[in-house]
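Chemist: Below: sequence and its predicted model.
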There are 6 protein chains.
Amino acid sequence: MLRGLYPGRFQPFHLGHLNVVKWALERVDELVVLIGSAQESHTLSNPFTAGERIEMIRMSLKDIGLDSRTILVPIPDVLMNSVWVYHVKIHTPRFNKVFARNPLVLRLFREAGYEAVMPPLYNREKYNSTMIRKLMILGEDWSDLVPRVVHDYIKEIHGDERLKDVAGSDK
Amino acid sequence: MLRGLYPGRFQPFHLGHLNVVKWALERVDELVVLIGSAQESHTLSNPFTAGERIEMIRMSLKDIGLDSRTILVPIPDVLMNSVWVYHVKIHTPRFNKVFARNPLVLRLFREAGYEAVMPPLYNREKYNSTMIRKLMILGEDWSDLVPRVVHDYIKEIHGDERLKDVAGSDK
Amino acid sequence: MLRGLYPGRFQPFHLGHLNVVKWALERVDELVVLIGSAQESHTLSNPFTAGERIEMIRMSLKDIGLDSRTILVPIPDVLMNSVWVYHVKIHTPRFNKVFARNPLVLRLFREAGYEAVMPPLYNREKYNSTMIRKLMILGEDWSDLVPRVVHDYIKEIHGDERLKDVAGSDK
Amino acid sequence: MLRGLYPGRFQPFHLGHLNVVKWALERVDELVVLIGSAQESHTLSNPFTAGERIEMIRMSLKDIGLDSRTILVPIPDVLMNSVWVYHVKIHTPRFNKVFARNPLVLRLFREAGYEAVMPPLYNREKYNSTMIRKLMILGEDWSDLVPRVVHDYIKEIHGDERLKDVAGSDK
Amino acid sequence: MLRGLYPGRFQPFHLGHLNVVKWALERVDELVVLIGSAQESHTLSNPFTAGERIEMIRMSLKDIGLDSRTILVPIPDVLMNSVWVYHVKIHTPRFNKVFARNPLVLRLFREAGYEAVMPPLYNREKYNSTMIRKLMILGEDWSDLVPRVVHDYIKEIHGDERLKDVAGSDK
Amino acid sequence: MLRGLYPGRFQPFHLGHLNVVKWALERVDELVVLIGSAQESHTLSNPFTAGERIEMIRMSLKDIGLDSRTILVPIPDVLMNSVWVYHVKIHTPRFNKVFARNPLVLRLFREAGYEAVMPPLYNREKYNSTMIRKLMILGEDWSDLVPRVVHDYIKEIHGDERLKDVAGSDK
C-alpha cells in the first residue's frame, strides 16, 4: 500500500487544496493531510483553530467520498526547523511519498530519504489562502474559492468576523 | 448531531478501550478519540509515538467498520492542567459529551459546562495498559488483550523489543 | 463586590493608563491591573522588566490613594492566543468586568462570557506608550506624559538610556 | 527604605506563613511575597491556582492591616535552577533582604550578593502545607491551621473537594 | 577521518569516563564528548553547570594531551525522546560511530543508521557518578575516583558544599 | 590566567570574525567563542546548524594554530533577554573579559560586573554575515570573505544551495 503526506496550514482549506488532495489520491492509496501550526489561532495568518480546520477538511472530503482514504493529523510547530521532518514522522502513520511545493520542504524530505513530488499549480492567484483571508477582512466575496461546506461552516462560526477583529487589533 | 469526546493515551490501544468506543457510539453519532501525550514516545509509560497510536486505533476501528464515525486527534500535553479543557477545545471538532473515568477529568469538563459520563468498567484488571506494558517487558503473553491488528502491528514495528530496551536503560 | 480587570503592557505606565484606572474604579470596587508580557524586557517594545513596571504602577497609585483598591498581577505571554482568557483567569483573583480597547481582547472575553467595556479615548496621540518610547530614544522630552513618580523612577534606573542602547543594537 | 522578599508556594497559605510575614515586617518596611510555581494548579502538590493564592494571601493580610506593606508577586517556575535568582529579580520590585529556610535558596541568594536570613521555626509539624493537603484529602479537620478567611475561601471554591478528585485520579 | 560520539552527563567527570575516552580514541581519530542535560544544575542528579563540566573535562584531557583530539559539546535536553538523535546531529560536528552503554541510546542511534558500540565496563561499582555524588553529600572521601584536576576544581568552586545544600533542601 | 568571551552567531564564520578572535587573543590567554542561537538552522538568518558552525570555526582556528587557546560553546537562545548574561555564565567556563560591539550586549555584561570591550571595526561593509548570505542567495562570489576552509566546507555540505531553497520558500 502506498501512503502519501500532504503538509499545509489550510487557513482556510480552499479549492486549490482540494485539488491537490484529489491529484495525490490518484497516485497513492491513502493520504495523510498534515495540518501544521496546530497550536495557532486568532492571528492574521492563522485565524482558525486546529479543531476548526479538521472540521472544514473532513466535511469537504466526506462530501466527495474521499474521507476514508485520508487521515487528518494536526501538528504543532517545532522550534527547530532542522528536526521538523522527524517531528512529522513521529506524529503520523508511515508514509512513502510527500506532496509539497515549498522548495525547503522538498529539500528536507529528500535529504531524509523520502520521495517528494511537486503537484501542479492550480490557479495560484485565485486559490490562495492569503488572498482569501484578505477578502474576508475587506468584506469582499470569497464564497466560490472554498468548498461550499467550508463557506457555510466559516459563516456559522463567524470566522470572517473574528478575522476582522484580529485585523483591527493594535497588537 | 451528537458528538462525543474520549480522551486517553492508548499506550497501547487495547480491548478495554475498544469497548468504550463501542459503548460511546451507542450514545453519540460521532466520537473524537483524543490521543493524549502526543509528544511522548520511547519511555516506560509512553513507548509508542502518536503516529503509531493513530495507526493502531485506525486499523482496529476499520476492522469493525467504525472508522467513519470516529475522528482521531493527537494532542500534546499542556504545561498547565487548568487550561487543559480549553487546549482540548481548540484542537478538536466541537463535541457535546465527554466519556472518561478519571475524576479530575470529569470535574474539569463539568466545570467548563460539558456533560461528562463515566463508561462502565470492563474487566479493568485484565484490560489495562500498564499491565500490558509490564507483560511486554517480561516477555509474557499479551496477545489476547489487544485487537489482533494491534498485536500484529506492534510485532511488525518491534514495539515490544523497544519497550524492553527502554526498561533496560539506566536513565 | 464588583471587581474589574484591566490588561496592558504598561511600557511605560503613562497618564492615559492612569486615567483608565480612575475611570474603571468609578465603575467597580476593585481593579486587577494585569501586567502582560511579564517575561519580556530590554527590547524595543518591552524595555522594562515586570518588576520595574510593578514599581511604576504601585507608586503612581499610592500617590493618589488608589493602591488599596487595585491588585497588580504580572502575567507571562502564552503561546496560544485562544487559551489566553483562561490563562488570565488562572493567574488572577475573580473578576466580573473587563476594561479594554483592543477588539480581539473584547471579543475573546465576551466569547468567554464576561462583560467587556471599552473605556473612552484619552488623547491617544499624546498618551501612547509607543510614542513615549520613541521620545526616549530620540532624547526628547516625555516628562509630562507620565506620572511624576514614574518619570523620576525611570531616570533613577537609567531606563531611557537602556532603551537607547537597545535601539542602537544590531539585533 | 528596606524591602524584603519572602518566596513560597503557599499551597495553601497557613498560619505558619502568616507568622513569617509578621516576623519579617518587624525587620523591613515592605515585603514582597513571591508566589512560586504560579503556572501550576489542580495537582497534588499545587492544588490552587495563582489567582486563588493571591486572593487567600490578600484577604489574610487585609484582615490584620498588613496589606499596604506587602506586594504579592506570582512567578512561574524557570527550567534552569541556576538562573532562578535572576528570574526573581526581573519579576519583582527591588529588595534588600531575603527570608527563607531552604538551604539552597539561602545559598543562591547569598552567592548573588543578597543578605538572606532564616526566620525561626513556628511549630513546623502543625503548620505545614503538605500536612494540610493530606488532611483535606482524608476529610479531616484543618480549619484552625489557616487564617479564618482562607478556610472560608477554600470552602467557597470547593478547593478541598477538588484536591480529593485530584487524589482520586489515576494519573 | 573517523569521528566518534560519546554522550554523557558527567556529573561529575570521573576516571571511568576518562577510560572510555581513551578507549574510544584508540578506535577513532577524534571524539565528540557530548555533555547532556546542559540546562540543568544545582539539583541532586545534576549539581554542576554545563560550564563547570566543560572546565572539568577540558582540564582532564589537557592533562594527558588528548584535548586536541576531542570536541566538547554541551546540549540541552529535548522534550521528545524520539527526536533526540536528530537533535544531537544538529548540535555536533559529523560523526561516524557512537560509544554508549545505555540500550535505548544504542537502539536509537542504530535505528538512525549509525554504528554504535558498547565500551567495556570499568569497575562500575567504584567509578559511578551517582555513588560519587552520594559520597560528596555524606562528606566521605571521593578524591581518588576523579582525575586530580577535577577534584581540585570541585573543591575550589565549593561544588561538594553546594551539593550538600541541595540535599538539605525541602524541595 | 585571563579568559575572554566572544559571543556571535557566526552565520557563517568570516574573516571579520577571525580578526576579532586574533585581536582578542592578543589580550587574553584563552577565548570562549560563544555560538549563539544554537537551536536555529535552515532559516534566512540562521542557515547553518550549531554543529556546522562548530566545524567551520574549529577548522579555521586549527588552520592558524589557535584552536588550543579557544573553547567553542554553542548556546541556545533564552526567552528572557534580561537573564541572558546569567544563562551565558552557566553554559561557559569562567571568563573575565567580554569582546562585543553590540551596545546592549556591552551594557548587560557591564551591569553584571564584567569588563566589556569593543574590538575595532574591520571593514564592516565587506566582512558582514548578512551580506555574505545575500551573495550566496544571489549566486554571486563570496569565496574571499571567509577562511578558505569555511568556503570549502560550505560547498561540500551544499550550504549555499540550502540557503537558496530557504530563500525560495513561501513561508
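Modeler: Thanks, I have the structure now. It should be emphasised that the depicted structure is a prediction, and the values quoted were computed from it without experimental measurement.

Chemist: Identify the residues contacting the longest helix seen in chain A?
Modeler: Longest helix in chain A, counting residues (DSSP state H): helix A:50-63. The contact list for helix A:50-63 (CB atoms under 8 Å, 6 or more residues apart in numbering or on different chains) reads A:10-13, A:17-18, A:21, A:33, A:35, A:38-39, A:41, A:48, A:67, A:70, A:72, A:74, A:147-150, A:153-154, A:157, A:159, B:71, B:73, B:89-94. From N, CA and C alone the C-beta is placed, and that goes for glycine too.

Chemist: Secondary structure element holding residue A:104?
Modeler: Element membership for residue A:104, per DSSP states H and E: helix A:103-111.

Chemist: That helix and chain F in contact?
Modeler: Yes - counting by CB under 8 Å from any CB of the partner chain, chain F has neighbours in helix A:103-111: A:103, A:104, A:105, A:106, A:107, A:108.

Chemist: Give me the helices and strands touching that helix, please.
Modeler: Packed against helix A:103-111, as judged by 3 or more CB pairs under 8 Å, 6 or more residues apart in numbering or on different chains; DSSP states H and E, are the following elements: helix A:84-91, strand A:97-99, strand A:115-117, helix F:159-167.

Chemist: pLDDT weak spots in chain A?
Modeler: Along chain A, the model assigns pLDDT under 70 to residues A:79, A:170-171.

Chemist: Report the buried residues of stretch A:76-85.
Modeler: Neighbour-count burial for stretch A:76-85, with 16 or more other CB atoms under 10 Å in any protein chain shown as criterion, is recorded at A:76, A:78, A:80, A:81, A:82, A:83, A:84, A:85.

Chemist: Need phi/psi at the closest residue to the fourth one other than its chain neighbours.
Modeler: Taking CB to CB, 6 or more residues apart in numbering or on different chains as the measure, residue A:81 lies nearest to residue F:42, with 4.0 Å between them; neighbours along the chain are not counted. The phi and psi torsions at residue F:42 (degrees, to the nearest 10) take the values phi 60, psi 30.

Chemist: What strand or helix carries residue A:31?
Modeler: Going by DSSP H and E, residue A:31 is in strand A:30-35.

Chemist: What pairs with that strand, parallel or antiparallel?
Modeler: strand A:3-8 (parallel), strand A:70-74 (parallel) (DSSP bridges).

Chemist: Adding mean neighbour count and distance to residue E:122 as columns, could you present those in JSON lines?
Modeler: Below are those laid out as JSON lines (neighbours: other CB atoms under 10 Å in any protein chain shown; distance: least, CB to CB, whole Å):
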{"stretch": "strand A:3-8", "mean neighbour count": "22", "distance to residue E:122": "46"}
{"stretch": "strand A:70-74", "mean neighbour count": "23", "distance to residue E:122": "46"}
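
Chemist: hmm, back to that, which one of the residues of helix A:103-111 next to chain F sits closest to residue C:130?
Modeler: Distances from residue C:130 to those, taken as CB to CB, are shortest for residue A:104 (34.3 Å).

Chemist: residues in contact with that closest one?
Modeler: F:42, F:165, F:166, F:168, F:169, F:171.

Chemist: Distance check, it against residue B:140.
Modeler: Residue A:104 is 47 Å from residue B:140, where distance means CB to CB, to the nearest Å.

Chemist: ditto for residue A:112
Modeler: Distance from residue A:112 to residue B:140, by CB to CB: 37 Å.

Chemist: Same question for residue A:105.
Modeler: Distance from residue A:105 to residue B:140, by CB to CB: 44 Å.

Chemist: for residue A:72, same thing?
Modeler: Counting by CB to CB - residue A:72 and residue B:140 are separated by 37 Å.

Chemist: Then residue A:74?
Modeler: 36 Å.

Chemist: ok, residue A:87 - how many residues close by?
Modeler: 21 (other CB atoms under 10 Å in any protein chain shown).

Chemist: again with residue A:94
Modeler: 13.

Chemist: Same check on residue A:62?
Modeler: Counted with other CB under 10 Å, the neighbours of residue A:62 add up to 14.

Chemist: Contact residues of chain A facing chain C?
Modeler: Checking chain A against chain C by CB under 8 Å from any CB, the hits are A:39-43, A:49, A:162, A:165-166, A:168-171.

Chemist: so what's residue A:147 closest to, chain neighbours aside?
Modeler: Closest residue to residue A:147 apart from its sequence neighbours, by CB to CB, 6+ apart: residue A:60 at 4.2 Å.

Chemist: neighbours around that neighbour, how many?
Modeler: For residue A:60, the neighbour count with other CB under 10 Å is 25.

Chemist: Most widely separated two among the contacts of residue A:104?
Modeler: Farthest pair in the contacts of residue A:104, by CB to CB: F:42 and F:168, 12.7 Å.

Chemist: sorry, back to before: derive a ChimeraX selection command for the buried subset of the residues of chain A next to chain C.
Modeler: Only the buried entries of the residues of chain A next to chain C go into this ChimeraX selection, using 16+ other CB under 10 Å:
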select /A:39,40,41,42,43,49,162,165,166,169
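
Chemist: Can you tell me which of the residues of chain A next to chain C is nearest chain F?
Modeler: residue A:40 (12.8 Å; CB to the nearest CB).

Chemist: Next, the contact list for that closest one, please.
Modeler: A:46, A:77, C:80, C:81.

Chemist: For chain A, which residues are neighbours of chain F?
Modeler: A:79, A:80, A:81, A:82, A:101, A:102, A:103, A:104, A:105, A:106, A:107, A:108.

Chemist: If we use 7 Å, what do you get?
Modeler: A:79, A:80, A:81, A:82, A:102, A:103, A:104, A:107 (CB under 7 Å from any CB of the partner chain).

Chemist: May I ask you to confirm that residue A:112 is in contact with residue A:85?
Modeler: Yes - with contacts counted by CB atoms under 7 Å, residue A:112 reaches residue A:85, the gap being 4.6 Å.

Chemist: how much space is there between the residue lying closest to residue A:111 once chain neighbours are set aside and residue A:46?
Modeler: In space, and not counting its chain neighbours, residue A:111 is closest to residue A:85: 7.9 Å by CB to CB, 6+ apart. Computed as CB to CB, the residue A:85 to residue A:46 distance reads 22 Å.

Chemist: swap in residue A:53?
Modeler: 9 Å.

Chemist: Equivalent analysis for residue A:103, please.
Modeler: For residue A:103 relative to residue A:46 (CB to CB), the value is 22 Å.

Chemist: Likewise for residue A:122?
Modeler: With CB to CB as the criterion, residue A:122 and residue A:46 are 22 Å apart.

Chemist: Could you check which of the two has the larger neighbour count?
Modeler: residue A:46 (22 against 16).

Chemist: Contact partners for that one?
Modeler: A:9, A:11, A:37, A:40 (CB atoms under 7 Å, 6 or more residues apart in numbering or on different chains).

Chemist: Let's have those residues in TSV, adding secondary structure.
Modeler: Output for the contacts of residue A:46, formatted as TSV (DSSP: H, G, I helix; E, B strand; the rest coil):
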residue	secondary structure
A:9	coil
A:11	coil
A:37	coil
A:40	coil
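
Chemist: What is the nearest of the residues you listed to chain F?
Modeler: residue A:9 (8.8 Å).

Chemist: got the contact list for the closest one?
Modeler: A:36, A:37, A:46.

Chemist: Then residue A:116?
Modeler: So residue A:116 contacts A:98, A:100, A:106, A:109, A:110 (CB under 7 Å, 6+ apart).

Chemist: Pick the one among the residues you listed closest to chain E.
Modeler: Nearest member of those to chain E, counting by CB to the nearest CB, is residue A:109, at 13.7 Å.

Chemist: For residue A:156, the count of nearby residues, please.
Modeler: Neighbours of residue A:156 (other CB under 10 Å): 8.

Chemist: how much space between it and residue B:97?
Modeler: In terms of CB to CB, residue A:156 sits 20 Å off from residue B:97.

Chemist: mind checking how far residue A:1 is from chain F?
Modeler: 31 Å (CB to the nearest CB, to the nearest Å).
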